[in-house]
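K.L.:
Provided below for reference: sequence and predicted model.
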Protein chains: 2
Amino acid sequence: MLAFEQSLPMLLYQTLDRVLPRFRAIFKQFGLTEPQWRVLRTLWEREHVALSELAGVTLIPAPSLVGVVDRLSRDGLVERQRSATDRRVVWIQATPRGSALEAQVRPLVDQVYAELEASVDPALWTQLLTALKAFNREAGNSEQQPDAA
Amino acid sequence: MLAFEQSLPMLLYQTLDRVLPRFRAIFKQFGLTEPQWRVLRTLWEREHVALSELAGVTLIPAPSLVGVVDRLSRDGLVERQRSATDRRVVWIQATPRGSALEAQVRPLVDQVYAELEASVDPALWTQLLTALKAFNREAGNSEQQPDAA
DNA sequence: TCGAAATCATTCACATGTTAATTAATTCAT
DNA sequence: ATGAATTAATTAACATGTGAATGATTTCGA
């Protein structure tokens, strides 16, 4: 008799629905989608990143990421480059055009994020972020112990 | 200089990534996807629901929901029926086969949900759900006040 | 009551998510 | 050194998400 709307997954979806549209409105002004933003946001910090690592950082599954990078590449915002030492690896890096976007998009995004934070009780904001981090650390660590001892 | 991985959206995605795979493993046994589960889960409680209302309850946007219902209908789990009083409205209801799934799927889902809850500190679980509910109530109520006074 | 505006479902075009399979390259034990 | 596992990226097939537009109906004000 779990209240469906009050279940953890539905609450998470609901929160995302509250939060994401504000950011997407910004991205749209620059012809970006939210996953594309996540990729660029990462590349602005890391110079060049292997696709598999990029998938891990952005939480975009590799098969999806291939397409995201395809379109970013098509639009001249990122470039692929085969690693010389391990030719299985593909490095992704922002182009000058891709890098230049940071100065335009970041301020707007940071602004909206600040407004979002300001729209709730400070204690609630802290409690929510703290709880999410703790949960992501603790949850479901009950099936990979065979190697621990 | 917001830590990207520690931002609210990324934390929410991370939590979903922790939680959903366990449930999807169950759904797969019955040939269901997670959105399809959400629709059935709703119809088990509500007899028949207009598509637009179903979209609201399941948090599935209407254009997506049309396809979800198409496939559930194709598989004989739900049925469409035009409202007689308002012919714009389409009622969705579970078929006998769709209803029968509840007895098989629900116990497994409830079990996994209970295990998930049990995998973290009880206080953390409460704090997380409480914070999410409060946030969804409070966040971003700063732009629809013109009619309040 | 008639026509403009609103509503509901759907379609369209495109982007992304999900799983399994595939291909090329590398690692590793023998 | 060589062939069986591993690993990285990609492809394939399908389902869903996103935003704008469409078509059929209903509502409502002039």
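P.N.:
Alright, I've got the coordinates. On a predicted model such as this, the values are computed, not experimentally measured, just so you know.
K.L.:
which parts of chain A sit against DNA strand C?
P.N.:
Chain A has residues A:33, A:35-36, A:60-61, A:63-65, A:67-68, A:71, A:85-88 near DNA strand C, with proximity defined as CB under 7 Å from any atom of the strand. For glycine as for every other residue, the C-beta is placed from the backbone atoms N, C-alpha and C.
K.L.:
at 6 Å what do you get?
P.N.:
Neighbours of DNA strand C within chain A, by CB under 6 Å from any atom of the strand: A:33, A:35-36, A:60-61, A:63-64, A:67-68, A:71, A:86-88.
K.L.:
By proximity to DNA strand D, which residue of chain A wins?
P.N.:
When scored by CB to the nearest atom of the strand, chain A has A:Ser52 as its residue closest to DNA strand D, at 2.6 Å.
K.L.:
got a list of what that residue touches?
P.N.:
A:Ala62, A:Val89 (CB atoms under 8 Å, 6 or more residues apart in numbering or on different chains).
K.L.:
same thing with A:Trp91?
P.N.:
A:His48, A:Val49, A:Ala50, A:Leu51, A:Arg80, A:Gln81, A:Arg82, A:Ser83.
K.L.:
Mind telling me what element it is part of?
P.N.:
Here A:Trp91, judged by DSSP states H and E, is contained in strand A:90-94.
K.L.:
ditto for A:Gln81
P.N.:
A:Gln81 belongs to strand A:78-82 when assigned by DSSP H and E.
K.L.:
what's around A:Leu65, how many residues?
P.N.:
21 (other CB atoms under 10 Å in any protein chain shown).
K.L.:
Quick one: classify it as helix, strand or coil.
P.N.:
Here A:Leu65 is recorded as helix under DSSP: H, G, I helix; E, B strand; the rest coil.
K.L.:
how much space between it and chain B?
P.N.:
Noted for A:Leu65: a distance of 14 Å to chain B, by CB to the nearest CB, to the nearest Å.
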